[in-house]
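# Provide a 3D model corresponding to the input given below.
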Amino acid sequence: MGIFSRTRDIIAANMTDLLDKAEDPAKMIRMIIMEMEETLVEVRASAARTIADQKEMRRAVVRAEAAQASWAEKAELALSKGREDLATAALVEKSKAKAFADATLLDVHALDESLGGNETDIAKLETKLREARQRQNALIARIESANQRSKMRAMYKGPRIEDAFAKFEIIERRADMAEGHADAMSLGGPGRTLDDEFADLRQNSSIADELAAMKARLNKSEG
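Modelled structure (predicted):
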């Protein structure tokens, strides 16, 4: 009864509840399928033993029926020879053989009913097992996809991403400071060299000479 009861429990099990309680749903699915496969093997083995028992019982019934005929024949022989005592003993044995045959046939019929229920359990379990195997890969893929999405959401909503962006802001600030420093160095133009000073002197002297020449021309024209 333990095997049949466990079979029905598996057939009636709510897989959603099992998955909710499982730490590793994919592993839980594999365990469920393995359990169903093992139970199916056990139920079939039990059915095989029952069928073997039935065959042995039927052979015993045939032997008991042959014994009944034999004891009846012996009872007639003893009675024909005037041995009523032997005839009575033979009829007693015949009655025992008949009682055994009748009881054995009842056991055979009971096993027939058990095999009928056994066959129903096997059919249901095979159906559920096929369904579970067909859905196993899809369920595992869905679970893994959901886990990946959860990890991604936890990552981009978690402190690690915030810390990373905070570091980016620090680095960008440092880049701004470096660029500002470089730009500040170019303000005011380059420093004056000695050659620049002499060039200015020559330019100033030329301008002074030109100014003097202009004054001279003006004075001459006025005179």
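# drop to CA atoms for contacts and neighbour counts, all remaining ones
Noted.
# which strands and helices sit next to the longest helix anywhere in the chain?
Ranked by residue count and defined by DSSP state H, the top helix of the chain is helix 84-157. Under the contact criterion of 3 or more C-alpha pairs under 8 Å, 6 or more residues apart in numbering; DSSP states H and E, helix 84-157 touches helix 2-12, helix 25-80.
# out of these, deepest packed?
helix 25-80 (a mean of 16; mean count of other C-alpha atoms under 10 Å).
# Okay, now the unreliable bits of this structure?
1-25, 150, 152-165, 168, 181-192, 196, 198, 201, 204, 222-223 (pLDDT under 70).
# Tell me who's in contact with the one residue sitting closest to the centre of it.
Nearest residue to the geometric centre of the chain (C-alpha atoms, centre = their mean): Ala26, 1.9 Å. Applying C-alpha atoms under 8 Å, 6 or more residues apart in numbering, we find Ala26 in contact with Leu139, Ile140, Ile143.
# filter those to the buried ones?
Ile140, Ile143 (16 or more other C-alpha atoms under 10 Å).
# export the contacts of Ala26 to JSON lines and tack on distance to Lys128?
JSON lines is the format used below for the contacts of Ala26 (distance: C-alpha to C-alpha, whole Å):
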{"residue": "Leu139", "distance to Lys128": "15"}
{"residue": "Ile140", "distance to Lys128": "17"}
{"residue": "Ile143", "distance to Lys128": "20"}
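# now, among the contacts of Ala26, which is nearest to Ala60?
Leu139 (52.3 Å; C-alpha to C-alpha).
# How about the contacts made by that closest one?
Taking C-alpha under 8 Å, 6+ apart, one finds Ala26 in contact with Leu139.
# ok, now how distant is it from Glu38?
21 Å (C-alpha to C-alpha, to the nearest Å).
# And for Asp176?
Asp176 is 69 Å from Glu38, by C-alpha to C-alpha.
# likewise Arg173?
66 Å.
# again, but for Met177
Distance from Met177 to Glu38, by C-alpha to C-alpha: 71 Å.
# Glu126 now?
Counting by C-alpha to C-alpha, the gap from Glu126 to Glu38 is 12 Å.
# Ala26 too?
Taking C-alpha to C-alpha, one finds Ala26 at 18 Å from Glu38.
# on that earlier part again, and the angle for the longest helix of the chain with helix 25-80?
Note on geometry: by axes from the mean of the first three to the mean of the last three C-alpha atoms, to 10 degrees, helix 84-157 and helix 25-80 are set 180 degrees apart in direction.
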